[in-house]
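1. Return atomic coordinates for the entry below.
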Amino acid sequence: MSAVARSILRRRELQRGIGRLCILKSVAALVPHRSLGSPEAPCSRYGSTLAPAESSEVQSLLHSNDVIIGTTGNTIPKETKSSHQESTTYTKKDEAEHPPDRTFEEMVVLFREIEASFPKSLGEDRWYLVLIATLTYASDPAHIADLYSYLISQPKYSTSESRKALMRRIREALVKLVCLIGVCKPITAIFRIDDVEKEEDRDYTFSRDGWQADEKNLERGKGFLGKIYRHNMPRNDEKFIAHKDFAELTAHIFPFGTAWITYNITYGLYLSDHTILDPFDTEVVALCGILIQNLESVTAFHLRGARRLGMTSEDVEGLHACCEKIARFCRVRVDKVPRVADIEHEVAWE
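-> The predicted model follows:
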């Protein structure tokens, strides 16, 4: 590749990262941040600190006549706008179909609304779990870092130890979401939290150190799953008879047989570990993380499971209402899922 071609590619790469830098500068006074948006240590679009040479290039581009600020706050090269006018000119229809991402100020309004509307009978320290479970899936996972920044600005988290305890709860919620929504978005949320986390607030504990898929893990998984499903589980297991990668009966390992992934991984490794998040915490994460995906059957299972764990129907309906508010905010649909009233007749154990 010629030197001219390398120069053009390098310039375009930097231009793509400028939009995020501009936005971060505008909210730097509101959000505690270790490096992003700081003129002394600007960051790349992946969150890592730029080298001095890169930093100089970014600063020069920010003040260059070669870039302009588009209607959505992104930087657009002038030459691109003139040569591809149709693709970079935004109309009201374009914004309706492809609206810009939510701002930090808009996120704060949502955080306060969910905190205020969360069922008080479920306690004061669970409302943000609803946001973690839903925003990680339905929005940009970077907004979990916004939530973290909002939380640590409160007096309750004024000490380093309290912020470490908070981080353990946030991290555990994200770990549990891996089995519910996949790994990529929770990992992205962790990357963005790492961008704003102060060194003195870092928690280096490892909750699953020494974990093994042994009989103890299996029994723990079966125990918690039994509280959620009870007599309904055999009927669910029948669905996997022809799909054994999901639920193989491993009699050669465990003589009594088990749906391996469900019992050992989904519940054994993830959902039945209550060392950081208790059963109610876990079910808030599970129910909301599933409901926001607009999944009818599995949402019904966990509406029923939340009631079987001891949540009142009013509490469960309150969680559902919070998820609906977040869904509207994130512009996603949750119109296929049942309400708690629809499954109330199934709650009884037998």
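2. CA only for contacts and neighbour counts going forward, please
-> Noted.
3. So residue 135 sits against residue 141, correct?
-> Yes: with contact defined as CA atoms under 8 Å, residue 135 counts as touching residue 141 (6.5 Å).
4. Comparing the two, which shows the higher neighbour count?
-> More neighbours sit around residue 135 than around the other of residue 135 and residue 141, counting by other CA atoms under 10 Å; the figures are 26 against 23.
5. so what pLDDT did the more buried one get?
-> Residue 135 carries a pLDDT score of 98 in this model.
6. so what secondary structure elements neighbour the helix or strand hosting residue 194?
-> In the assignment (DSSP states H and E), residue 194 maps to helix 184-196. Using 3 or more CA pairs under 8 Å, 6 or more residues apart in numbering; DSSP states H and E as the contact criterion, the neighbours of helix 184-196 among helices and strands are helix 127-138, helix 143-152, helix 160-181.
7. contacts for stretch 118-134?
-> In this structure, residues lying in contact with stretch 118-134 by CA atoms under 8 Å, 6 or more residues apart in numbering are 111, 114-115, 144, 170, 173-174, 177, 281, 284-286, 288-289, 292, 315, 318-319, 322-323, 326-327.
8. Report how many residues lie close to residue 144.
-> Close neighbours of residue 144, defined as other CA under 10 Å, add up to 26.
9. Surely it and residue 136 touch.
-> Yes: under the contact definition of CA under 8 Å, residue 144 touches residue 136, with a separation of 6.9 Å.
10. Need the overlap of contacts for these two.
-> residue 189.
11. And this structure, what are its domain boundaries?
-> Listed by automatic domain parsing, the domain ranges of the chain are 7-97, 104-207+273-346, 227-271.
12. Can you tell me which of the ones you listed has the worst average pLDDT?
-> Note on these: lowest mean pLDDT is at domain 7-97, with a mean of 44.
13. ok, and the closest non-adjacent residue to residue 167?
-> residue 203 (7.3 Å; CA to CA, 6 or more residues apart in numbering).
14. tally of neighbours for that neighbour?
-> 15.
15. Kindly report the same for residue 210.
-> Neighbour count of residue 210, defined by other CA under 10 Å: 6.
16. do residue 146 as well
-> 22.
17. and if you look at residue 202?
-> The number of residues packed around residue 202, counting by other CA under 10 Å, is 16.
18. wait, isn't it in contact with residue 164?
-> Yes: because the distance of 6.4 Å satisfies CA under 8 Å, residue 202 is recorded as touching residue 164.
19. Give me the contacts around stretch 305-324.
-> Stretch 305-324 is touched from outside by 114, 117-119, 121-122, 130, 134, 227-229, 279-280, 283-284, 287-288, 291-292, 303, 334, 339-341, 347-349, with contacts defined as CA under 8 Å, 6+ apart.
20. Only the buried subset of those residues, as a ChimeraX command please.
-> Selection of the buried residues among these in ChimeraX, burial being defined by 16 or more other CA atoms under 10 Å:
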select :114,118,119,122,130,134,228,229,279,280,283,284,287,288,291,292,303,334,339,340,347
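21. Among the contacts of stretch 305-324, which ones are in helices?
-> Helix and strand membership here follows DSSP state H; of the contacts of stretch 305-324, those in helices are 114, 117, 130, 134, 227-229, 279-280, 283-284, 287-288, 291, 303, 340-341.
22. what's the burial count for the closest residue to residue 200 other than its chain neighbours?
-> What sits nearest to residue 200 in space, not counting adjacent residues and going by CA to CA, 6+ apart, is residue 160, at 6.6 Å. Burial of residue 160, expressed as a neighbour count using other CA under 10 Å, amounts to 16.
23. Surely residue 160 is in contact with residue 199?
-> No: here residue 160 does not reach residue 199: they are 9.8 Å apart, not a contact under CA under 8 Å.
24. Might you report the residue contacts of residue 136?
-> Contacts of residue 136 were listed using CA under 8 Å, 6+ apart, and they are 143, 144, 185, 186, 189.
25. Most neighbours among the residues you listed, which one is it?
-> Ranked by neighbours (other CA under 10 Å), the contacts of residue 136 are led by residue 144, which has 26 neighbours.
26. and that one, how far is that from residue 275?
-> 22 Å (CA to CA, to the nearest Å).
27. ditto for residue 173
-> 12 Å.
28. And the two? Which one has more around it.
-> Counting neighbours by other CA under 10 Å for residue 173 and for residue 275 shows that residue 173 has the greater number, 26 against 10.
29. May I have the residues that are in contact with that one?
-> By CA under 8 Å, 6+ apart, the residues touching residue 173 are 129, 132, 133, 277, 282, 285.
30. Compute the distance between the first one and residue 230, please.
-> Right, the one you point to is residue 129. The gap separating residue 129 from residue 230 is 25 Å, by CA to CA.
31. Look at these two and report which has more neighbours.
-> For residue 129 against residue 230, the residue with the higher neighbour count under other CA under 10 Å is residue 129, and the figures read 22 against 17.
32. Next one: that one from residue 232, what distance?
-> Distance from residue 129 to residue 232, counting by CA to CA: 27 Å.
33. same thing with residue 127?
-> Here the criterion is CA to CA. By it, residue 127 lies 29 Å from residue 232.
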